[in-house]
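> from the sequence below, what's the structure:
(one chain, ligands or ions: 1)
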Amino acid sequence: MSIAIDGPAGAGKSTVAREVARKLKITYIDTGAMYRGLTYAALEQSLPLEDGDQLRQLLDSIHLSLYWVEGMQHVSLNGIDISNQIRTLQVSKHVSSVAKHPSVRERMVQLQQEMAQTQEVVMDGRDIGTHVLPQAQLKIFLTASIEERAKRRYNELVDKGETADLEQIKKDIAARDRMDSEREIAPLRPASDALMVDTTGMGINEVIDEIISLYQCKVGGEGV
Ligand code: DC
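Below you'll find the predicted structure:
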């Protein structure tokens, strides 16, 4: 059993995917965290982010792994927890440049497919329904207006006590959407059999319930 949740930055994928996984008692895998982990490692070593070969060599030489503590996914780099470090503005700004390289994506997709082979998963990202798990039983493409996505990011930062500029966040999200959608390999795009869920104006619990009910329709009401 696997569920693929794709969509643009800030559509609420991680929160929704994590909660859906918790309710279904299966593993949640946030694939964006893997691209973020590699970006963090590359920035630490001051590697040129335009050089796909060097990034791939770096990916092959580090030990980037995901592990879970009470349902929360953590990311470690060579045994050190970098879950917080991968969420900085600096990593967010550069991650699309790292994720666009075919040689990087090839290995990331392999790693993600290996994880989904041994367990049932809810996986979120940009290319899960189209490339990583094309056989997923349920594929969701989660969207929301750019205004709403920027507002959610803004509120998240303000809630954490950080200063935030709504217009700047909107610009950053639009730039990331553009890079993720226009890249040559595995661009952000709904799979032909994905169900579109527009979360504009919906509360997070409403979205979770909607996905659980879509899942129940697929599996005939079992599993929750
Ligand atoms: O979901 P996120 O914002 O943490 O993702 C970070 C970046 O990684 C995003 O800009 C696009 C990229 N990404 C990707 O290309 N493919 C995925 N499966 C997941 C993320």
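> next secondary structure element downstream of the helix or strand harbouring Ile173?
Per DSSP states H and E, Ile173 falls inside helix 166-182. Going down the chain from helix 166-182, the next helix or strand is strand 195-198, by DSSP H and E.
> for that next one, list the C-alpha coordinates in PDB.
Extracted C-alpha coordinates of strand 195-198, given in PDB (Å, rounded to 0.1, in the frame of the first residue of the first chain):
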ATOM      1  CA  LEU A 195      -6.800  13.300  -7.700                       C
ATOM      2  CA  MET A 196      -6.500  17.100  -7.400                       C
ATOM      3  CA  VAL A 197      -7.200  18.600  -4.000                       C
ATOM      4  CA  ASP A 198      -7.300  22.400  -3.800                       C
END
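> contacts for it, please.
Strand 195-198 has contacts (CB atoms under 8 Å, 6 or more residues apart in numbering) with 138-144, 190, 207, 210-211, 214. (Glycine included, C-beta is placed from N, CA and C.)
> widest-spaced pair of those residues?
Leu138 and Ala144 (19.4 Å; CB to CB).
> now do the helix or strand harbouring Arg152: distance to the chain's middle.
Using DSSP H and E, Arg152 falls within helix 146-159. When C-alpha coordinates are averaged (CA atoms, centre = their mean, to the nearest Å), helix 146-159 and its chain have centres 17 Å apart.
> next, the angle helix 166-182 makes with it.
If you take axes from the mean of the first three to the mean of the last three CA atoms, to 10 degrees, helix 146-159 sits at 120 degrees to helix 166-182.
> just the mean pLDDT for helix 146-159, thanks.
Helix 146-159 shows a mean pLDDT of 92.
> now swap in stretch 62-76 and tell me
Mean predicted confidence for stretch 62-76 is 92.
> quick check: buried residues in it?
Applying a neighbour-count criterion of 16 or more other CB atoms under 10 Å, one finds 64, 66, 73, 75 buried in stretch 62-76.
> which of those fall in strands?
Assigned to strands by DSSP state E, the following of the buried residues of stretch 62-76 qualify: 64, 66, 73, 75.
> which one of the residues you listed is nearest to Arg105?
Of those, the one sitting nearest to Arg105 (CB to CB) turns out to be Leu64, at 14.3 Å.
> can you name every helix or strand that the helix or strand that contains Glu106 contacts?
According to DSSP H and E, Glu106 maps onto helix 102-117. Under the contact criterion of 3 or more CB pairs under 8 Å, 6 or more residues apart in numbering; DSSP states H and E, helix 102-117 touches strand 27-30, helix 32-44, helix 52-61, strand 121-125.
> now the last one, how far from the chain's geometric center?
The reference is to strand 121-125. That offset, for strand 121-125, works out to 8 Å (CA atoms, centre = their mean).
> which positions within it qualify as buried?
So for strand 121-125, counting by 16+ other CB under 10 Å, buried means 121-125.
> cool, the longest one as well?
Across helix 32-44, burial judged by 16+ other CB under 10 Å covers 32-43.
> with distance to Ile82 added, can I get the helices and strands packed on helix 102-117 in a markdown table?
Listed next are these as a markdown table, based on distance: least, CB to CB, whole Å:
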| stretch | distance to Ile82 |
| --- | --- |
| strand 27-30 | 13 |
| helix 32-44 | 6 |
| helix 52-61 | 14 |
| strand 121-125 | 18 |
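> could I get these as a markdown table with distance to the ligand?
Converted to a markdown table, those look like this (distance: least, CB to the nearest ligand atom, whole Å):
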| stretch | distance to the ligand |
| --- | --- |
| strand 27-30 | 7 |
| helix 32-44 | 2 |
| helix 52-61 | 13 |
| strand 121-125 | 2 |
